[in-house]
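**Q** got a predicted model here, sequence first, then my questions.
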Amino acid sequence: MFALHYHDATKHYFNRFARSLGYLDWATQPDPFRRYDGAPLIELAREPIAGDVPYDALFGSLTNDRHALPINQRTIGEFLRCSMGLSAWKQYQASRWALRVNPSSGNLHPTECYIVWDGRVCHYAPREHALEVRCEIDARAIKGRDGWFLVGLTSIIWREAWKYGERAFRYCQHDVGHAIGALRFAAALLGWRLRLLPWADADVAAVLGVDRDDDFRHAEREEPECIAVVSQHAAGEPLESSETVVAAGHGTWCGRANALSRAHVEWPIIDGVAAATRRQESGIWNHDSGRVRNQAFDSGIGNQGNQPLARQIILQRRSAVAFDGRSMLPAAAFFSMLQHLEPCGSPWDAVDWPPQVHLAMFVHRVEGLVPGIYAYLRDDVLEEWRAAMRPEFLWEKVVANGPNANDPNDPNAKRGLFLLLPMDVKFAGMRVSCDQDIAGDGFFSLGMLARFEPALQERGQWFYRRLFWECGLIGQVLYLEAEAARARGTGIGCFYDDAVHEVLGTEGNTWQSLYHFSMGMPVEDSRLTNEPGYPGSW
């Protein structure tokens with residue numbers, strides 16, 4: 001199985017890292033903005049349409065009470081602004097760069113976004129906040145276009161490979177997961193639903209036009225990732241790809257992709273894993289997305305009476321570069337964060353598979369919790385994890401007001417937070433995360449462990465990408481939760497894979513750590529200047 005080969009070959013170890021150039025070739029640094037020369041440009045509205053929505057609405061607890069806004073050019077502009085748009089510009093001396101609402105490893109942004117609506121296939125140009133019209137198609141193929149539209153994602157893998165080499169494919173998939181989360185939250189902001197469609201990757205490529213050789217003759221190709229339907233109301237029957245693919249094939253296409261670099265380094269193993277993990281056939285939507293979120297935990301960020309506004313939190317999200325190493329996270333905020341990771345409501349209704357990813361947490365400074373290693377189980381995998389991990393782990397169930405023994409009558413007794421080992425884990429958290437201070441100076445850091453080889457054997461290699469998408473979704477929730485708690489988070493793609501497994505005692509490929517994350521009180525870099533994402537930012 002090539003996905004397993006790739007994963008093993010791109011692990012970091014104490015004595016060596018996954019293969020990369022080992023330096024940054026600034027002469028070939030990719031342009032962060034894809035454009036299609038010759039494609040007509042539609043400027044999008046610049047106005048804060050959903051500025052009064054409370055933060056909790058993003059997670060589905062208030063969605064059913066909020067009237068869905070109509071889908072039109074104005075609201076689609078707000079949808080893209082609050083998911084894939086620019087959040088700020090930063091500058092240090094002569095260097096100036098953009099930040100985006102959706103996070104990305106190294107701020108490299110391999111993810112491109114497309115909209116299929118009103119008889120057009122459009123590429124979103126975030127710098128201009130505009131749509132580039134790539135294709136005019138028969139609008140009848142997009143039935144009910146007044147009530148829904150399609151949004152698609154692709155990856156320009158070279159943007160990540162330029163810096164990270166062979167491990168870049170992993171980071172591209174993290175970024176797709178973050179983007180799915182950003183899109184789902186932006187949809188919730190407007191009272192809409194969003195769910196991924198189980199289309200074959202070739203159909204996604206055909207509809208978005210990224211399989212057109214002539215349009216990419218001198219430019220970096222885009223890898224099709226996923227397509228989702230966005231609707232004003234609860235989605236009905238799944239949308240099949242056939243009619244849309246035929247319509248795109250008969251459409252009128254225009255625009256040529258711009259070249260992002262003047263030279264490239266080839267990484268054959270990335271080409272191999274991209275080919276091996278493409279979904280070959282369309283599937284059937286099989287997820288019960290009707291699960292209702294429990295009542296919000298009673299905390300400063302979880303109740304409607306004392307919570308920030310959703311749009312503000314979305315647009316202010318940043319990735320921390322350093323933490324102060326002393327601040328404490330209130331227990332109420334911590335447990336509210338965990339509750340939003342439960343697989344119900346938004347953003348988890350965007351995907352059609354049950355939870356595959358659970359958390360091993362290195363808790364440093366959370367009010368009321370002893371420092372130590374904890375497990376947060378998002379589904380009933382308690383017995384699996386106990387059998388797979390060190391026999392000396394305690395597995396004490398932790399509830400909001402402190403440790404508590406498992407209650408066999410509690411239906412959630414095998415899910416939630418468990419204390420495994422009480423001890424100072426600052427050094428351990430840093431060591432496994434490539435010795436980065438940011439993993440030890442925050443409130444906590446964590447590793448996301450996925451059910452790995454069994455999931456790939458059951459579903460196919462295409463599910464390799466989905467495991468990383470789920471990690472990105474978790475990361476996106478934590479990013480927003482950090483901002484809501486007046487703190488900051490950061491995703492960590494660099495970690496010593498098997499060292500994480502050794503700390504926990506896991507062996508083999510049943511469980512693999514795919515992504516790390518840390519949260520704390522940020523230390524800002526005063527050398528940098530900040531500007532809004534857009535002039536007269538809204």
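**A** Sure, I can see it.
**Q** tell me where the protein has helices.
**A** Under the criterion DSSP state H, the chain contains helices at 2-9, 73-81, 157-164, 168-189, 201-208, 242-249, 268-276, 310-316, 331-340, 382-388, 426-432, 453-459, 463-484, 497-504.
**Q** can you put those in TSV and add mean neighbour count?
**A** For the C-beta atoms, the positions are set from N, CA and C on the backbone; glycine is no exception. TSV is the format used below for the helices of the chain (neighbours: other C-beta atoms under 10 Å):
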stretch	mean neighbour count
helix 2-9	17
helix 73-81	22
helix 157-164	25
helix 168-189	27
helix 201-208	24
helix 242-249	18
helix 268-276	17
helix 310-316	21
helix 331-340	22
helix 382-388	15
helix 426-432	21
helix 453-459	15
helix 463-484	25
helix 497-504	20
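**Q** would you single out the least confident of those helices?
**A** Lowest mean pLDDT within the helices of the chain: helix 242-249, a mean of 90.
**Q** what packs against that one?
**A** Counting contacts by 3 or more C-beta pairs under 8 Å, 6 or more residues apart in numbering; DSSP states H and E, helix 242-249 is packed against helix 201-208.
**Q** hmm, 10 Å instead?
**A** In this structure, helix 242-249 makes packing contacts with strand 111-117, strand 120-125, strand 130-136, helix 201-208, judged by 3 or more C-beta pairs under 10 Å, 6 or more residues apart in numbering; DSSP states H and E.
**Q** the shortest one: how far from the chain's middle?
**A** I take that to be strand 120-125. In terms of C-alpha atoms, centre = their mean, to the nearest Å, the centre of strand 120-125 is set 21 Å apart from its chain centre.
**Q** surely His358 touches Lys414?
**A** No: with contacts defined as C-beta atoms under 10 Å, His358 does not count as touching Lys414, sitting 11.7 Å away.
**Q** shared neighbours of these two, anything?
**A** Common contacts of His358 and Lys414, defined by C-beta atoms under 10 Å, 6 or more residues apart in numbering, comprise 377, 379, 381-382, 385.
**Q** what is the nearest of those to Cys226?
**A** Asp379 (22.4 Å; C-beta to C-beta).
**Q** a markdown table for the helices of the chain, including distance to Leu131?
**A** Supplementary listing: the helices of the chain in a markdown table, determined by distance: least, C-beta to C-beta, whole Å:
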| stretch | distance to Leu131 |
| --- | --- |
| helix 2-9 | 35 |
| helix 73-81 | 8 |
| helix 157-164 | 21 |
| helix 168-189 | 15 |
| helix 201-208 | 13 |
| helix 242-249 | 16 |
| helix 268-276 | 27 |
| helix 310-316 | 20 |
| helix 331-340 | 32 |
| helix 382-388 | 46 |
| helix 426-432 | 43 |
| helix 453-459 | 34 |
| helix 463-484 | 24 |
| helix 497-504 | 40 |
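**Q** nearest to Ala27, of those helices?
**A** When the helices of the chain are ranked by proximity to Ala27, the top entry is helix 157-164, at 10.8 Å, counting by C-beta to C-beta.
**Q** what angle sits between that closest one and strand 111-117?
**A** If you take axes from the mean of the first three to the mean of the last three C-alpha atoms, to 10 degrees, helix 157-164 sits at 160 degrees to strand 111-117.
**Q** from the middle of its chain, how far away would helix 157-164 be?
**A** Taking C-alpha atoms, centre = their mean, one finds helix 157-164 lying 18 Å from the centre of the chain it belongs to.
**Q** what of stretch 129-138?
**A** Between the centre of stretch 129-138 and the centre of its host chain there is 25 Å, according to C-alpha atoms, centre = their mean.
**Q** what comes up buried for that stretch?
**A** Residues of stretch 129-138 classed as buried: 129-135, 137 (neighbour count, 16 or more other C-beta atoms under 10 Å).
**Q** how about low-confidence regions in this protein?
**A** In the predicted model of the chain, residues 61-66, 140-146, 234-238, 286-305, 401-412 satisfy pLDDT under 70.
**Q** can you give me the domain assignment for it?
**A** For the chain, automatic domain parsing gives the domain ranges 38-275, 319-520.
**Q** closest to Arg16 out of these?
**A** Between Arg16 and the domains of the chain, the tightest spacing by C-beta to C-beta is seen for domain 319-520, at 10.3 Å.
**Q** distance between the ends of the closest one?
**A** In domain 319-520, first residue to last residue: 11 Å (C-alpha to C-alpha, to the nearest Å).
**Q** that older thread, which among the domains of the chain is found nearest to Asn15?
**A** Of all those, the one in closest proximity to Asn15, counting by C-beta to C-beta, is domain 319-520 (9.9 Å).
**Q** sorry, back to before: now the helices and strands packed on helix 242-249 as JSON lines including distance to Pro371?
**A** Shown next, in JSON lines, are the helices and strands packed on helix 242-249 (distance: least, C-beta to C-beta, whole Å):
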{"stretch": "strand 111-117", "distance to Pro371": "36"}
{"stretch": "strand 120-125", "distance to Pro371": "44"}
{"stretch": "strand 130-136", "distance to Pro371": "49"}
{"stretch": "helix 201-208", "distance to Pro371": "44"}
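**Q** between the ones you listed, which gets nearest to Ala3?
**A** When those are compared by C-beta to C-beta, helix 201-208 sits nearest Ala3, at 14.4 Å.
**Q** tell me what the closest one is packed against?
**A** Under the contact criterion of 3+ C-beta pairs under 10 Å, 6+ apart, helix 201-208 touches strand 111-117, strand 120-125, strand 130-136, strand 148-155, strand 223-231, helix 242-249.
**Q** reformat the ones you listed as TSV; add distance to Leu478.
**A** TSV is the format used below for the helices and strands packed on helix 201-208 (distance: least, C-beta to C-beta, whole Å):
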stretch	distance to Leu478
strand 111-117	19
strand 120-125	25
strand 130-136	31
strand 148-155	20
strand 223-231	21
helix 242-249	34
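**Q** Val523: which of these is closest?
**A** Smallest distance to Val523 across the helices and strands packed on helix 201-208 (C-beta to C-beta): 28.1 Å, for strand 111-117.
**Q** mind listing the strands the closest one pairs with, and their directions?
**A** The sheet places strand 111-117 alongside strand 120-125 (antiparallel), strand 148-155 (antiparallel), with pairing taken from DSSP bridges.
**Q** rebuild those strands as a markdown table, extending it with distance to Tyr92.
**A** Written out in a markdown table, the entries for the strands paired with strand 111-117 read as follows (distance: least, C-beta to C-beta, whole Å):
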| stretch | distance to Tyr92 |
| --- | --- |
| strand 120-125 | 25 |
| strand 148-155 | 28 |
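**Q** quick one: closest of those strands to Gly272.
**A** For those, proximity to Gly272 was assessed by C-beta to C-beta; strand 148-155 is nearest, at 15.5 Å.
**Q** go ahead and produce CSV holding the CA coordinates of that closest one.
**A** Taking Å, rounded to 0.1, in the frame of the first residue of the first chain, the C-alpha atoms of strand 148-155 are listed here in CSV:
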residue,chain,number,x,y,z
TRP,A,148,-27.5,26.1,-3.1
PHE,A,149,-24.1,26.2,-4.8
LEU,A,150,-20.9,24.1,-5.0
VAL,A,151,-17.6,25.0,-3.5
GLY,A,152,-14.4,23.0,-4.4
LEU,A,153,-10.9,22.8,-3.1
THR,A,154,-7.6,21.9,-4.9
SER,A,155,-4.0,21.9,-3.7
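**Q** that strand to helix 168-189, inter-axis angle?
**A** What separates the directions of strand 148-155 and helix 168-189 is an angle of 160 degrees, with the same axes, to 10 degrees.
**Q** how near is the nearest residue to Met328 once chain neighbours are set aside to Gly442?
**A** The shortest distance from Met328 to any residue other than its chain neighbours is 4.8 Å, reached at Arg365 (C-beta to C-beta, 6 or more residues apart in numbering). With distances taken as C-beta to C-beta, to the nearest Å, Arg365 is found 8 Å from Gly442.
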